[in-house]
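> need the 3D shape of this:
(chains A and B)
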Amino acid sequence: MSFLMTLFWVVATALGALALGWLFRAVLVLATPANMARELRKAPLTASFGMLVILIYVVVALFAPLIAPFAESEVVGRQYQQWDSTYLLGTDNLGRDMLTRMIYGARNTVGIAFATTALAFFVGSILGLLAAVVGGWLDQFLSRVVDILMAIPSLIFSLLLLTIFGTSVVSLILVIATIDATRVFRLARSVAQGIVVMDYIEAAKLRGEGLWHLVTREVLPNAMAPLVAEFGLRFCFVFLAISALSFLGLGIQPPTADWGSMVRDNATLITFGDITPLLPAGAIALLTVAVNFVVDWQLHRASGLKE
Amino acid sequence: MANDKTQEPLLTVRGLRIEGKSEDQWNEIVKGVDLTLHRGEVLGLIGESGAGKSTVGLASMGFTRDGCRISGGEITFDGIDLRNASAADKRGLLGKRIAYVAQSAAASFNPAHKLIDQYSEAPVVHSVMSRADAEADAVDLYRRMQLPDPEQIGFRYPHQVSGGQLQRAMTAMAMSCRPDLIIFDEPTTALDVTTQIEVLAAIRDIVEQFNTAAIYITHDLAVVAQMADRIKVLLKGEEVEEADTRCMLSTPKEDYTKSLWAVRSHARPEQPKPEGETPVVSVRNVTAGYGKVDVLQDVSFDIHKRRTVAVVGESGSGKSTTARVITGLLTPRRGEVLFDGETLPADYRSRSRDQLRQAQMIYQMADTALNPKLTIRELIGRPAQMYLGLKGKALEDRVKDLLNLIELEPEHYIDRLPSELSGGQKQRIGIARALAAEPKFIICDEVTSALDQLVAEGILKLLDRLQEQFDLAYMFITHDLATVRAIADEVVVMQQGRVVEQGVKSEMFQPPHHPYTELLLSSVPEMDPDWLSDLLASRAAK
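Modelled structure (predicted):
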């Protein structure tokens, strides 16, 4: 029986998610200008569900102080209290409100992960495209530097850099972005190498176009689809990297709320059959899935794939 | 050949309708085509691209491309209903009793396996022959297809064999199970005229030897005249007419068929050769190459204002390399290029913006020559903006003028992407982009070879008109002598990086010829259905 119940809940959740997606899409279609609405109408339900989830996360992250019932690191009760009407999700190992920590965690973890991924993509793709377009010694130099950086296991390398530069949020973002930019560089370079041999690049060069125009107007628009897809994946990996570093004590420092360290801090509760410590992990998982739903849709659109 | 029609036809297609999906809608692309094919008979399917030739050809195998579906009609192959046959039944037929030869053999062979391994696959899978028998059979068929060194050629990889040989190996492979029916989908379109002859002759022989029925799809009328017993003309998914080859060639009934036949008649009067005028472009004793190999050796020719110089030769003869030297993409080892009497810097990076502006290029594949993510406005506007400093309203007016020049309605097209245009329209955009720079000289690199004859005709006429209007000098790279006849004032014949003959067109098409020019000229297929047999006989006699 319990198996049937589980199955029922899984199916109900999936159907509920799709229904929410459908509702959200209908609202979006009404709320956006005509040409955007036409595209949105064609969006699959998974993608509109993904957009809804991302929107909720963004709202929660932006308005955290208004939504959260308590302050971020305020000790409000005894440790490990049960879920009740005051502490909706109970309290953590120091007696801080779990829901409040979750809401602030959205701001910190998602914000940092987003900033890191965006930085990694900005640097990595610009350098990768430059390497492919210019070629020659610049390509050799950049590619070999990237090879060297990639040769060092990323976790050890980030531990090393964080020990040297200290564990502030800024250095955390810079260190992970540097390491991730090497992967983006590789991808951007190989995609762009397929593009720079096209006749329209030759035509642009013969027209006397400058490097900046070549990279941003001729190559980048055609390299967008795989880069966007990679963005979705990278974003999730950055999450994991931050959580791993937090677990090792070099990530986001207490008392700042962070989903990764929240799992670790409250892990003992799992032994007693309490699912509270899994909620931050679930929040990460949900966002990851949502981001990839949207990215898949965009990729499908950009590449013109038929089903 | 066309034998007694009393026996059961091998393939009958009745009222075939096929729909294709685009923009979430099903559109009919084949609208009720009938087709009957007897054993040993060759049917030619011709029409422009988009006429549904390939779709009909594939449907004769009970197959449709992704995003297409058969919505009506019946397909019967030797008593078997192919439309409703299960996938397993079809698998038993395809490759064994029905085979397919694709346009690009280079893209259809798996580059990771040897030719003979790919040859043996079908007979072994269909349990027709053992592996050893299949290999022995391959050597026999390679010999019949007149491939060089038939014992050993099967042990090469596809990239180690030339294009013409690969196309013959592909035909041999299709023959491996001795099928009753072969579909040839433009098998020689990608080949040079000189190679095309060998492939055509080999295909015709082998189809006759094994009494195989064939559907031969092409857009080249002269080719189909050599190959087919009957010809069926398709237009926009509908049959225009069908008749025996000789009937069709001598007395076409429908206006559309007549217009196809008339295409090759376009010819421009030759411009008189100017005396004492400085040529716009002058290539002087250029030797150039990649790595250690010299691709060009001592190439010289002049191009004058308002004149078209056609550079002809088969692939690998150095035509495109010459263009790369003129545009400055390849620095020559020796020699120089003069523009209006002044030496151009060898590397395009050291040329001034004005020098770059004066010489423009139009590419063979408009698909790869236009950035797919930019709109027509940006594509055409960019050179005008860069070279002439136009902005805002002036720029928009200039783009609209250019679109009018190339006969595209500005309001309709200005904000489209290249993917929303047909092949001919894309090529027109390529021309407009070159014109936007207001050049004196344009290199046209095989600009019509990817296009249908009627569309190509339109492009050639447009180029002619623009030359008149703007006093342009053209360098026209092509391997198609019919095009040369239509538009050239002077002809430069190249072979293996050397100019073997050059002169004004009227003299070039009169004997005596250089032996290579002779070979090129005699290889151009003619509408006469006996042309190939006569040619092969006369070459054998020599």
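
> these two touch, right, residue B:421 and residue B:432?
No. Applying C-beta atoms under 8 Å as the test, residue B:421 and residue B:432 come out as separate, 11.7 Å apart. For every residue, glycine as well, the C-beta is placed using N, CA and C.

> got the CA positions of stretch A:181-200 in CSV?
In CSV, the C-alpha atoms belonging to stretch A:181-200 read as follows (Å, rounded to 0.1, in the frame of the first residue of the first chain):
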residue,chain,number,x,y,z
ALA,A,181,35.9,29.9,-17.0
THR,A,182,38.4,27.4,-18.3
ARG,A,183,35.7,24.9,-19.1
VAL,A,184,33.6,27.6,-20.8
PHE,A,185,36.7,28.7,-22.7
ARG,A,186,37.2,25.2,-24.1
LEU,A,187,33.6,25.0,-25.3
ALA,A,188,33.4,28.5,-26.7
ARG,A,189,36.7,28.0,-28.6
SER,A,190,35.7,24.7,-30.2
VAL,A,191,32.3,26.0,-31.2
ALA,A,192,33.8,29.2,-32.6
GLN,A,193,36.4,27.2,-34.6
GLY,A,194,33.6,25.7,-36.5
ILE,A,195,32.2,29.1,-37.2
VAL,A,196,35.3,31.1,-38.2
VAL,A,197,35.8,28.9,-41.3
MET,A,198,32.5,29.9,-42.7
ASP,A,199,32.4,32.2,-45.8
TYR,A,200,30.6,35.0,-44.0
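
> before we move on, the earlier item: quick one: which of residue B:421 and residue B:432 has more around it?
A count of neighbours by other C-beta atoms under 10 Å in any protein chain shown puts residue B:432 above the other of residue B:421 and residue B:432, at 25 against 18.

> list the contacts of that one.
Neighbouring residues of residue B:432 by C-beta atoms under 8 Å, 6 or more residues apart in numbering or on different chains: B:380, B:402, B:403, B:405, B:406.

> same deal with residue A:90?
A:80, A:81, A:82, A:83, A:84, A:98, A:276.

> by neighbours, which of those wins?
Of those, with other C-beta under 10 Å as the count, residue A:98 tops at 24 neighbours.

> helix or strand: which one has the nearest residue to that residue once chain neighbours are set aside?
Spatially, and ignoring its direct neighbours in sequence, residue A:98 is nearest to residue A:89 (3.9 Å; C-beta to C-beta, 6 or more residues apart in numbering or on different chains). Following DSSP states H and E, one finds residue A:89 outside all helices and strands.

> ok, the residue of the stretch 201-307 of chain A found nearest chain B - how many residues close by?
Ranked by C-beta to the nearest C-beta, the top residue of the stretch 201-307 of chain A for proximity to chain B is residue A:221, at 3.6 Å. By other C-beta under 10 Å, 15 other residues sit near residue A:221.

> that one belongs to a helix?
Yes. With DSSP: H, G, I helix; E, B strand; the rest coil as the criterion, residue A:221 is part of a helix.

> now do it, the pLDDT please.
Looking at residue A:221, its pLDDT is 88.

> looks like it contacts residue B:373 (just checking).
Yes. Counting by C-beta under 8 Å, residue A:221 touches residue B:373, with 3.6 Å between them.

> enumerate the residues of chain A near chain B.
A:42, A:198-200, A:202-209, A:217-218, A:221-222, A:224, A:306 (C-beta under 8 Å from any C-beta of the partner chain).

> from those residues, which would you call buried?
Among those, the ones that count as buried by 16 or more other C-beta atoms under 10 Å in any protein chain shown are A:198-200, A:202-209, A:217-218, A:222, A:224.

> any weak-confidence spans in the stretch 151-300 of chain B?
By pLDDT under 70, the weakly predicted segments of the stretch 151-300 of chain B are B:262-267.

> can you give me the strands for it?
Ranges of strands in the stretch 151-300 of chain B, per DSSP state E, counting those that start in this stretch, are B:181-185, B:213-218, B:230-235, B:238-244, B:281-290, B:293-303.

> low-confidence stretches in chain B?
B:1-6, B:23, B:262-267.

> which parts of it sit against chain A?
Taking C-beta under 8 Å from any C-beta as the contact definition, chain B meets chain A at B:21, B:24, B:66-67, B:327-329, B:348, B:351, B:353, B:356, B:361, B:363, B:365, B:368-374, B:382-383, B:386, B:433, B:437.

> buried ones only from the residues you listed, please, as a PyMOL command.
In PyMOL, this line selects whichever of these come out buried by 16+ other C-beta under 10 Å:
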select buried, chain B and resi 327+328+348+351+356+361+363+365+368+369+370+371+373+374+382+383+386+433+437
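
> sort out for me which of the residues of chain B next to chain A are in helices.
Counting by DSSP state H, these place B:327, B:353, B:356, B:368, B:369, B:382, B:383, B:386, B:433 in helices.

> hey, where'd the helices end up in the stretch 1-150 of chain A?
For the stretch 1-150 of chain A, the helices defined by DSSP state H, counting those that start in this stretch occupy A:2-31, A:34-41, A:45-62, A:64-67, A:98-105, A:111-134, A:136-151.

> what does the following helix or strand past the last one contact?
The reference is to helix A:136-151. Per DSSP H and E, helix A:136-151 leads on to helix A:154-165 as the next helix or strand towards the C-terminus. If you take C-beta under 8 Å, 6+ apart as the criterion, helix A:154-165 is touched by A:149, A:171-172, A:174-176, A:178-179, A:241, A:244-245, A:248, A:250.

> report the central residue of chain A.
Taking C-alpha atoms, centre = their mean, the centroid of chain A lies closest to residue A:235, which sits 2.9 Å from it.

> grab the nearest non-local neighbour of the residue in the stretch 51-200 of chain A that chain B sits nearest to.
At 4.0 Å from chain B, residue A:199 is the closest residue in the stretch 51-200 of chain A, using C-beta to the nearest C-beta. Leaving aside its chain neighbours, residue A:199 sits nearest to residue B:369 (4.0 Å; criterion: C-beta to C-beta, 6+ apart).

> quick one: the one you found and residue B:363 touch, right?
Yes. Judged on C-beta under 8 Å, residue B:369 makes contact with residue B:363 at a distance of 3.6 Å.

> joint contacts of those two?
A:199, A:203, B:430.

> what is the nearest of those to residue B:91?
residue A:199 (40.2 Å; C-beta to C-beta).

> what's the distance between that closest one and residue B:372?
Residue A:199 sits 12 Å away from residue B:372, going by C-beta to C-beta, to the nearest Å.

> what of residue B:79?
47 Å.

> which helices and strands does the least confident helix or strand in chain A by mean pLDDT pack with?
Using mean pLDDT, DSSP states H and E, helix A:34-41 stands out as the lowest-scoring helix or strand of chain A, at a mean of 75. Under the contact criterion of 3 or more C-beta pairs under 8 Å, 6 or more residues apart in numbering or on different chains; DSSP states H and E, helix A:34-41 touches helix A:2-31.

> let me see the mean pLDDT of the helix it packs on.
84.

> right, and residue B:55 touches residue B:33 too?
No. Contact criterion C-beta under 8 Å: residue B:55 and residue B:33 do not qualify, at 9.3 Å.

> overlap in contacts, those two.
Residues within reach of residue B:55 and of residue B:33 at once, by C-beta under 8 Å, 6+ apart, are residue B:237.

> show me the helices in the stretch 151-300 of chain A, by range?
Along the stretch 151-300 of chain A, the stretches classed as helices by DSSP H, counting those that start in this stretch are A:154-165, A:169-196, A:199-207, A:211-213, A:220-247, A:259-265, A:278-303.

> what are the buried residues along the second one?
The one in question is helix A:169-196. Across helix A:169-196, burial judged by 16+ other C-beta under 10 Å covers A:172-189, A:191-193, A:195-196.

> next, the angle helix A:220-247 makes with that helix.
Between helix A:169-196 and helix A:220-247, the angle comes out at 150 degrees (axes from the mean of the first three to the mean of the last three C-alpha atoms, to 10 degrees).

> quick one: helix A:169-196 to helix A:154-165, angle?
For helix A:169-196 against helix A:154-165, the angle by the same axes, to 10 degrees is 130 degrees.
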